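K.L.:
Here you go, sequence then predicted model.
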Amino acid sequence: KRTVTGINTLTQGINGNNSQNPDTCVHMPDVWNYNDGSETQCTVNFGNNPTFGGYVGISSFYTDGNGRGRFKYEVPSGFLSLHRENLPEPAILKPGDHFKPVIYEGDGLDCHEIRVGFQPDLIITLWRNADDNRVVWDSVRGSNRFWYLNATNAETISTNGIKAVGPAGYTVGNWNNMNDGSDDDYVAYCWKAGNKTIPNSEGSINTLISVNKTAGFSICGYTGTNSNGTLGHGLGKVPKFAIFKGRGDTGNGAVYHWRIGSTHVLRISTNDAKDDENTAFADTDPTDKLFTLGTWAGTQINGCPMISYIWAEIEGFSKFDSYTGNGSLNGPFVYCGFKPAWIMYKQTGSGENWECFDSARDTRNPRLYGFKMNTNDAETDDIVDSTRRYGIDFLSNGFCIRSTATRVNASGKEYIFAAFAEAPYKYANAD
């Protein structure tokens with residue numbers, strides 16, 4: 001005889017009764033009991049079901065070592081109930097103080113204020129309803145200097161771009177890439193670094209950096225040389241993700257991701273597969289102080305001013321990792337330790353685009369409206385041959401792929417990603 005029963009938990013954002021719930025994507029293990037050759041499914045108490053669904057009586061109950069949960073039997077030492085308060089306190093309680101996706105509508109005026117909630121040091125702006133470049137600005141290079149994430153152009157100058165930056169956000173002019181007219185929608189991805197620049201001479205190449213150790217983010221400006229060298233990044237932690245660009249160079253920007261290692265490189269402005277290029281990072285992994293560069297044009301050009309954005313992973317705030325596709329609408333669940341605000345991913349082994357999703361433009365699951373970051377395409381939804389397919393679910397503790405598209409979920413293929421938090425897992429709710 002086989003009976004089916006529920007599983008109860010106390011964890012916030014988890015529904016233990018439905019492992020296929022797209023808002024949670026929690027896959028509970030099956031527990032089986034065999035009695036005289038018959039098979040029965042058991043009732044399990046993770047801290048909120050001491051009577052096991054009313055099958056047993058209790059006159060009192062036990063708690064875990066932190067005084068939480070309700071158990072019929074004594075809890076072994078070192079074990080805790082599934083309760084939010086048993087989760088560790090996050091290093092960053094409010095991720096929105098360090099990273100935030102911001103949506104706004106253009107007005108075509110020369111002074112348009114964008115409220116972020118902090119003073120941004122890196123801003124990537126995308127025009128949502130028109131084909132246009134992905135404009136990158138940072139505080140180390142200055143207010144009038146921009147480069148395009150999706151193109152190989154050298155740095156450009158516009159006095160109508162970012163006019164001013166302040167404690168709560170920034171002001172843009174009437175440059176169409178950032179503020180064309182009243183019917184035009186934009187999204188800006190904003191990171192906080194150090195709000196100031198300081199010199200760093202720890203490496204063989206002197207750098208000018210703006211660093212936010214709390215959030216694991218550093219912007220490094222430097223001048224390239226004609227030999228292998230090292231940059232002092234100031235993070236005090238080993239970087240896991242980085243983007244490099246020659247400011248005066250008409251070539252591709254380079255991407256380092258720890259999952260493909262220092263022996264390989266990706267190009268941010270193309271859909272190329274990872275390249276086994278020993279002159280990008282000199283086949284040397286970064287350390288908590290230094291980032292090693294070779295003489296590849298994407299990372300270092302003799303006499304050319306360069307810029308790099310370098311991230312270390314902060315638990316509960318950022319995640320840089322990889323997953324393997326399964327080709328199913330019920331795709332891989334990827335644990336991040338937080339509810340994402342932004343995810344960018346790339347298949348490493350074939351010509352698929354860099355693509356990103358965020359919680360500002362698409363507020364409910366499944367997230368369908370992505371950006372191809374290495375193109376100038378407007379935002380698009382996950383529609384193939386007139387059939388809408390799921391995109392990505394943003395969950396309280398990570399994300400789950402809901403697409404069979406090869407750019408995000410080809411069976412057996414590796415995808416690297418970068419993700420930043422909207423809320424740490426302990427305080428997150430599923431949509």
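P.N.:
Yes, it's here.
K.L.:
which regions of the stretch 251-400 of the chain sit below the pLDDT cut-off?
P.N.:
382-390 (pLDDT under 70).
K.L.:
What segments of the chain are helices?
P.N.:
For the chain, the helices defined by DSSP state H occupy 406-409.
K.L.:
Any figure for the gap between residue 105 and residue 187?
P.N.:
From residue 105 over to residue 187 the distance is 11 Å, taken as Cβ to Cβ, to the nearest Å. All C-beta spots, glycine's among them, are computed from the backbone N, C-alpha and C.
K.L.:
So for the two, which sits in the more crowded spot?
P.N.:
Set residue 105 next to residue 187 and count neighbours by other Cβ atoms under 10 Å: residue 187 wins out with 21 against 13.
K.L.:
got a list of contacts for stretch 271-289?
P.N.:
Here stretch 271-289 makes contact (Cβ atoms under 8 Å, 6 or more residues apart in numbering) with 202-203, 228, 232-233, 235-239, 242, 254, 256, 258, 260-267, 291-296, 298-299, 347-354, 374.
K.L.:
I meant to write stretch 238-247 there.
P.N.:
Taking Cβ under 8 Å, 6+ apart as the rule, stretch 238-247 contacts 136, 141, 145, 147, 154-155, 224, 233, 253-258, 268, 285-288, 291, 293, 297-299, 301, 304-313, 320, 418.
K.L.:
what do you get if the cut-off is 6 Å, keeping everything else the same?
P.N.:
147, 155, 253-258, 268, 286, 288, 298-299, 301, 304-313, 320, 418 (Cβ atoms under 6 Å, 6 or more residues apart in numbering).
K.L.:
again, but for stretch 129-138
P.N.:
The set of residues external to stretch 129-138 that reach it, using Cβ under 6 Å, 6+ apart, is 122-126, 146-150, 162, 177, 185, 219, 373, 376-378.
K.L.:
again, only using 8 Å
P.N.:
Applying Cβ under 8 Å, 6+ apart, the set of residues contacting stretch 129-138 is 121-126, 143, 145-151, 161-162, 176-178, 180, 183-185, 193, 210, 219, 245, 307, 309, 371, 373, 376-379.
K.L.:
Any idea how far apart the tips of it sit?
P.N.:
24 Å (Cα to Cα, to the nearest Å).
K.L.:
buried stuff in it?
P.N.:
130, 132-138 (16 or more other Cβ atoms under 10 Å).
K.L.:
Out of the residues you listed, which is nearest to residue 249?
P.N.:
Distances from residue 249 to those, taken as Cβ to Cβ, are shortest for residue 136 (14.2 Å).
K.L.:
out of the contacts of stretch 129-138, which are buried?
P.N.:
By 16+ other Cβ under 10 Å, the contacts of stretch 129-138 give 121-126, 143, 145-151, 161-162, 177-178, 180, 184-185, 193, 210, 219, 245, 307, 309, 371, 373, 376-379 as buried.
K.L.:
Inside strands: which ones of the residues you listed?
P.N.:
Residues from the buried ones among the contacts of stretch 129-138 lying in strands, with DSSP state E as the criterion: 122-126, 145-148, 162, 185, 210, 219, 245, 307, 309, 371.
K.L.:
Can I get stretch 65-83 as PDB, trimmed to CA atoms?
P.N.:
Listed next in PDB are the C-alpha coordinates belonging to stretch 65-83 (Å, rounded to 0.1, in the frame of the first residue of the first chain):
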ATOM      1  CA  GLY A  65      19.500  24.200  20.300                       C
ATOM      2  CA  ASN A  66      18.400  27.700  19.400                       C
ATOM      3  CA  GLY A  67      15.000  27.300  21.000                       C
ATOM      4  CA  ARG A  68      13.100  27.100  17.700                       C
ATOM      5  CA  GLY A  69      10.900  24.500  16.100                       C
ATOM      6  CA  ARG A  70       8.500  21.900  17.700                       C
ATOM      7  CA  PHE A  71       9.600  18.300  17.700                       C
ATOM      8  CA  LYS A  72       8.100  15.200  19.400                       C
ATOM      9  CA  TYR A  73      11.600  13.700  19.800                       C
ATOM     10  CA  GLU A  74      14.700  15.300  21.200                       C
ATOM     11  CA  VAL A  75      16.800  17.100  18.500                       C
ATOM     12  CA  PRO A  76      20.400  15.800  18.200                       C
ATOM     13  CA  SER A  77      23.100  18.300  19.100                       C
ATOM     14  CA  GLY A  78      24.200  20.400  16.200                       C
ATOM     15  CA  PHE A  79      21.000  20.100  14.200                       C
ATOM     16  CA  LEU A  80      18.500  22.900  13.700                       C
ATOM     17  CA  SER A  81      15.000  23.300  12.400                       C
ATOM     18  CA  LEU A  82      14.300  24.900   9.000                       C
ATOM     19  CA  HIS A  83      13.600  28.300  10.400                       C
END
